[in-house]
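Participant: got a predicted structure here, sequence first:
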Amino acid sequence: MGNGPTAVDAAQLTDVRLLLVDDDEQWARVTGRLLESAHEAFEVDLADSLSAGRSRFEATDPDCVICDYQLGDGTGLDLLETVRESDADRPFVLVTGKGDEAVASEAIGRGVTDYIPKNHDDTDATLLTNRVTNAVVSARARRQLDRERRGKAAALELLTSTTDIGELSAEFCRMLVEDHGYAGAWIGAVEDGEIVPQAVEGCGAYLDGITNSGVVATDDPVVMAANREESVALSPTDVDGRASKPDSEQQAALDGDWQQLAVDHGFVTAAGVPIRREGVRIGVLGVYRSAQQQSFDERQWTLLEEYARILGYAHRTAELKRSLLADEAVHLDIEITDTTAPIAELTDQLATGVSVEVPSTIEQHDGTALYLTQLSGTNPEAVEEATEACESVDIGDISDDEDGVRCDLYSMVRTPEDVLAANGATVEGTVGVDGTTTISVSLSDHDSVGDVTEALRTTYDDVTVSRVWSQQDRQPETGSDELVESLTERQRSVLRHAYFDGYFEQPRGVSATELATKFDRSRTTMTQHMRTAQRKLFGQLFDQ
């Protein structure tokens, strides 16, 4: 009735308990030993009658029943009836020496899994081994698919009942452990570039061991998946799943602190799947497998990735609802590691750890920009040398004081800030370090996030939204934001640039004429912007 299992299916079998029932005790003992020799996963329990078979079935709950048709106190079909009352899908292989087609027909009608004659030429029980293996593999696959369907249905049902991310994350972790058999599961969120656990099930002690001050160690494979933005599975000694051998980063993880800790907790594989929505990196879903579980196959990867997509959708929906209710802007931190972006190229040329902050950017008509730049951890000579090696920026005025180096940088190419502005984003600041530019922007609504990130990706490689938040996610501030709300964007830019360029210091770091030149405006227009902005600020300050 069944086809032989594939080598892969048979190799994946673990912990298969068989109940062999036959009133021919000698045949049963010999066949039981042959089955156990044929597959290391098989453990055979024997019974020599219908009553004994029923008793052993209740006591052992076997994965598969192998039963002779003729028993001293009944038939194999009587035992089949008992088994089917307990489990309609439990594998049941009927073995008989009778070879009667009527018996075969009746057995099939009653739901027997397979029917084979007792073949005395099958001296090593090869035929029986293949049929039993196939029956168990098929049954386990059906149960797994059924669990997955129920799990997906339950996951989707959760979305209709709550938008609380913490509650959703905790329930998803529970489902992965209880319904899908993982030894542990946890979900982490990206906060300021670090992975912070949000929910955990079954692996809390392990997670505590790799967590420092609320942040998970970077050598854990689950965190690696978030950082690389691709699915990763590692065992303590090798790579499992989709990679044939460890790359340098994976090998470093294998040499990290997580390895022995995972072994101590009985884990043989750790797997992580990034959680994202419309290009926004939200977090990571991690699971751990014990020695009793099968290795990761495509079905399990598909399940984890579907769960990650559902979590990403849930996160995005919750953020959207909160934004709509709050009627306020959405804020993003966008990371660009493409060194064709000016600030990324400059920090790639500077020494490791040198930080570049751009509090003010003046966009030019041709898409280039003037960056008012502050650098820490370097000196003017090093900045000039790094700028000379860059193709995308040129240097203007430069000075240094106790706060670091200040300079004007002129982009020679279109900037990410211009791309963002052209797509409706307000740039709040730019920071660069070690070849990565992080731009903080605000948008009027959450629906614009996908459009903005897609616009950047058409110009630059390696664009990641590392953080998304609304104003209600932030701590209460001193009221400075309220003071500048009445200013136009041009007035804010003029004041910000004037402040950081030293216009309000004595002696002045820059004159009104020099500011006007940078903004490509007349001195009169520049002065008018300054006076209007100052009058609005003082009015709000003293009228409160």
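Facilitator: Yep, that arrived. Note that this is a predicted model, so its numbers are computed, not measured. Numbering: from 1, shown residues only.
Participant: the helices in the stretch 251-400 of the chain, which residues?
Facilitator: In the stretch 251-400 of the chain, the helices defined using DSSP state H, counting those that start in this stretch lie at 258-264, 298-326, 342-349, 380-388.
Participant: what's the neighbour count on residue 73?
Facilitator: 12 (other CB atoms under 10 Å). For the C-beta atoms, the positions are set from N, CA and C on the backbone; glycine is no exception.
Participant: residues touching it, list them.
Facilitator: 49, 50, 51 (CB atoms under 8 Å, 6 or more residues apart in numbering).
Participant: out of the helices of the stretch 251-400 of the chain, nearest to residue 273?
Facilitator: When those are compared by CB to CB, helix 298-326 sits nearest residue 273, at 4.5 Å.
Participant: and the average pLDDT for the closest one is what?
Facilitator: Averaged over helix 298-326, pLDDT sits at 70.
Participant: same check, this time on stretch 145-165
Facilitator: For stretch 145-165, the per-residue pLDDT averages 65.
Participant: count the residues that sit near residue 449.
Facilitator: Neighbours of residue 449 (other CB under 10 Å): 24.
Participant: remind me which helix or strand it belongs to.
Facilitator: helix 448-457 (DSSP states H and E).
Participant: coming back round to it: out of the helices of the stretch 251-400 of the chain, deepest packed?
Facilitator: With neighbours taken as mean count of other CB atoms under 10 Å, the helices of the stretch 251-400 of the chain reach their highest mean count in helix 342-349, at a mean of 25.
Participant: show the secondary-structure elements that it is packed against.
Facilitator: For helix 342-349, the elements it packs on are strand 355-363, strand 369-376, helix 380-388, strand 393-401, strand 404-411, strand 426-433, strand 436-443, judged by 3 or more CB pairs under 8 Å, 6 or more residues apart in numbering; DSSP states H and E.
Participant: in the fourth one, what counts as buried?
Facilitator: The one in question is strand 393-401. Residues 393, 395, 398 are the ones in strand 393-401 that count as buried (16 or more other CB atoms under 10 Å).
Participant: what would those look like in a markdown table with distance to residue 494?
Facilitator: Putting these into a markdown table (distance: CB to CB, whole Å) gives the following:
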| residue | distance to residue 494 |
| --- | --- |
| 393 | 23 |
| 395 | 22 |
| 398 | 22 |
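Participant: pretty sure residue 273 sits against residue 303.
Facilitator: No: Residue 273 lies out of contact with residue 303 (CB atoms under 8 Å); the separation is 9.7 Å.
Participant: pLDDT weak spots in the stretch 201-350 of the chain?
Facilitator: Within the stretch 201-350 of the chain, the segments meeting pLDDT under 70 span 218, 236-257, 277-280, 291-296, 315-328.
Participant: and the strands in it, which stretches?
Facilitator: Along the stretch 201-350 of the chain, counting by DSSP state E, counting those that start in this stretch, strands occupy 211-212, 215-216, 232-234, 267-277, 280-290, 330-336.
Participant: I'd like to know which of those is closest to residue 460.
Facilitator: The closest of these to residue 460 is strand 330-336. By CB to CB, the value is 5.3 Å.
Participant: report the central residue of the chain.
Facilitator: In the chain, the residue lying closest to the centroid (CA atoms, centre = their mean) is residue 274, at 1.8 Å.
Participant: list the beta-bridge partners for that one.
Facilitator: residue 284 (DSSP bridges).
Participant: so where's the stretch 401-544 of the chain shaky on pLDDT?
Facilitator: Ranges of the stretch 401-544 of the chain meeting pLDDT under 70: 446-447, 470-491, 500-502, 505-510, 518-529, 531-532, 535-536, 538-544.
Participant: OK, contacts around the residue of the chain most remote from its centre?
Facilitator: Ranked by distance from the centre of the chain (CA atoms, centre = their mean), the top residue is residue 72, with 58.4 Å. Applying CB under 8 Å, 6+ apart, one finds that residue 72 lies in contact with 23, 48, 49, 50.
Participant: now swap in residue 166 and tell me
Facilitator: 198, 199.
Participant: now do it against residue 222, distance only.
Facilitator: Residue 166 is 19 Å from residue 222, where distance means CB to CB, to the nearest Å.
Participant: what of residue 192?
Facilitator: 18 Å.
Participant: just to revisit the earlier point, filter the contacts of residue 72 down to the ones in helices?
Facilitator: Mapping these onto helices (DSSP state H) picks out residue 50.
Participant: out of the contacts of residue 72, which is nearest to residue 108?
Facilitator: residue 50 (20.3 Å).
Participant: correct me if wrong: that closest one contacts residue 74.
Facilitator: Yes: between residue 50 and residue 74 there is a contact at 3.6 Å, judged by CB under 8 Å.
Participant: so which of the two has more stuff around it?
Facilitator: residue 50 (20 against 17).
Participant: that one and residue 116: what is the separation?
Facilitator: In this view, residue 50 and residue 116 are 20 Å apart by CB to CB.
Participant: could you do residue 266 as well?
Facilitator: Counting by CB to CB - residue 266 and residue 116 are separated by 38 Å.
Participant: for residue 109, find the nearest of the helices of the stretch 251-400 of the chain.
Facilitator: Checked against CB to CB, the stretch from the helices of the stretch 251-400 of the chain lying closest is helix 298-326, at 31.8 Å.
Participant: do you have the helices of the stretch 1-150 of the chain handy? List them.
Facilitator: 7-12, 25-38, 50-60, 76-86, 101-109, 126-161.
Participant: redo these as a markdown table? Include distance to residue 493.
Facilitator: What follows is the helices of the stretch 1-150 of the chain, written out as a markdown table (distance: least, CB to CB, whole Å):
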| stretch | distance to residue 493 |
| --- | --- |
| helix 7-12 | 62 |
| helix 25-38 | 78 |
| helix 50-60 | 77 |
| helix 76-86 | 75 |
| helix 101-109 | 81 |
| helix 126-161 | 42 |
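Participant: out of those helices, which comes closest to residue 175?
Facilitator: It's helix 126-161; of these, that one is closest to residue 175 (CB to CB) at 5.4 Å.
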